[in-house]
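Asks: okay, predicted coordinates and the sequence, questions at the end:
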Amino acid sequence: MKIVSYNLNGIRARLERLLEYLGEQQPDVVCCQELKSAEENLPRKEIEAAGYGALWHGQKGFNGVAILARGVEPVERRIGLPGDPEDVQSRYVEAEVNGVVVASIYLPNGNPVGTEKFAYKLAWLERLRLHAAGLLAEEIPVVLAGDYNVIPTNTTEDVFSVRAMADDALMQPESQAAFRTLLYQGWTDAIRARHPDGPQYTFWDYQAGAWRRDAGFRIDHLLLSPSAADRLLDAGVDKDYRGREKASDHAPTWVTLADL
């Protein structure tokens, strides 16, 4: 079972690339982020024609998440992250697909540091931690997949330049500490479990020749519950898709789990 996290940076702008990826890789589940599309403008027919059922949580111009499942309809468990009834941003959707609970997560960016945007990011991480604890208590296979907007460590294995990102919300001590606290609940970072050493970048900015220079960093993560981690076969980044014409600035990041 191949489960993919894919920040599209606009599903309409990137629909050709997404359909290309679905056709070439045939993933079982794709957790999409940053759809930037209102519900009425989502490409439901195109995704269905590609052989995928979908659970959508769109938002006009911003955010937006979805779960696509090959040959089946994802069974909705939750739309929206609990803990703040006034939060209207479309950043979390959760479904069951073939016996595995999968969440598509688009965590707040948080920039600039020191503003209400950074406070919202940290509050969102705390809400995620609380909800994730409940998922662990169910003792079922769970994959929390998405763009976490957190660079886990200040090393070149996770970021091309510590100095360049030092003031960014993605690499603040508070962001990293919150991410570690989530991991320490008992989640497995699938990419690092399979690739403990060396860069595994998932994002390259459009600016300053970042892709050409391989000036990337790792912010797309797939966290596995213990029963999902027991089934871990492989994980990686489909990096070459970042280099294609009109690509997203994120590369598809994936994990494969053994069938029960």
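Replies: All right, it came through fine. Numbering: from 1, shown residues only.

Asks: neighbours of A247, how many?
Replies: Neighbour count for A247, taken as other Cβ atoms under 10 Å: 19. Bear in mind the C-beta positions are built from the backbone N, C-alpha and C, glycine included.

Asks: biggest helix in this protein by residues?
Replies: What stands out as the longest helix in the chain, according to DSSP state H, is helix 116-137.

Asks: and the next helix or strand past that one?
Replies: Per DSSP states H and E, the first helix or strand lying C-terminal to helix 116-137 is strand 142-147.

Asks: show me what the longest helix of the chain is packed against.
Replies: For helix 116-137, the packing partners by 3 or more Cβ pairs under 8 Å, 6 or more residues apart in numbering; DSSP states H and E come out as strand 142-147, helix 173-183.

Asks: neighbouring strands for the next helix-or-strand element following the last one, and are they parallel or not?
Replies: So that's helix 173-183. Next helix or strand after helix 173-183 toward the C-terminus (DSSP H and E): strand 188-189. Sheet pairing for strand 188-189, assigned by DSSP bridges, gives strand 220-224 (antiparallel).

Asks: quick one: buried residues of the next helix or strand after the strand it pairs with?
Replies: For strand 220-224, the following helix or strand on the C-terminal side (DSSP H and E) is helix 226-229. Burial within helix 226-229, assessed by neighbour count using 16 or more other Cβ atoms under 10 Å, is assigned to S227, A228, A229.

Asks: any idea of the mean pLDDT for helix 226-229?
Replies: For helix 226-229, the mean per-residue pLDDT is 98.

Asks: residues in contact with it?
Replies: With contacts defined as Cβ atoms under 8 Å, 6 or more residues apart in numbering, helix 226-229 is touched by V100, L136, E139, I140, P141, V142, V143, G186, T188, A190, A193, L257.

Asks: quick check: closest non-adjacent residue to the fifth one.
Replies: To tie it back to what came earlier, the one meant is P141. Distances taken as Cβ to Cβ, 6 or more residues apart in numbering place A228 nearest to P141, at 4.1 Å, with adjacent residues excluded.

Asks: picking that back up, rebuild the helices and strands packed on helix 116-137 as CSV, extending it with mean pLDDT and distance to I3.
Replies: CSV is the format used below for those (pLDDT from 0 to 100; distance: least, Cβ to Cβ, whole Å):
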stretch, mean pLDDT, distance to I3
strand 142-147, 98, 5
helix 173-183, 98, 18
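
Asks: most tightly surrounded among these?
Replies: Mean neighbour counts were taken over the helices and strands packed on helix 116-137 using mean count of other Cβ atoms under 10 Å, and the top value, a mean of 27, falls to strand 142-147.

Asks: quick one: W254 is in a strand?
Replies: Yes - assignment of W254 by DSSP: H, G, I helix; E, B strand; the rest coil places it within a strand.

Asks: and the closest residue to it other than its chain neighbours, which of the three is it?
Replies: Excluding its sequence neighbours, the residue lying closest to W254 (Cβ to Cβ, 6+ apart) is V4, at 4.4 Å. Following three-state DSSP, we place V4 in the strand state.

Asks: wait, V4 sits on L22?
Replies: No - the criterion here is Cβ atoms under 8 Å, and V4 misses it with L22 at 9.5 Å.

Asks: can you pull the residues that touch both of these two?
Replies: In contact with both V4 and L22: V30, using Cβ under 8 Å, 6+ apart.

Asks: which stretches of the stretch 1-150 of the chain form strands?
Replies: For the stretch 1-150 of the chain, the strands defined by DSSP state E, counting those that start in this stretch cover 2-7, 29-33, 52-57, 65-70, 75-79, 92-97, 100-106, 142-147.

Asks: among these, which comes closest to S161?
Replies: Evaluated with Cβ to Cβ, those place strand 142-147 nearest to S161, the distance being 20.0 Å.
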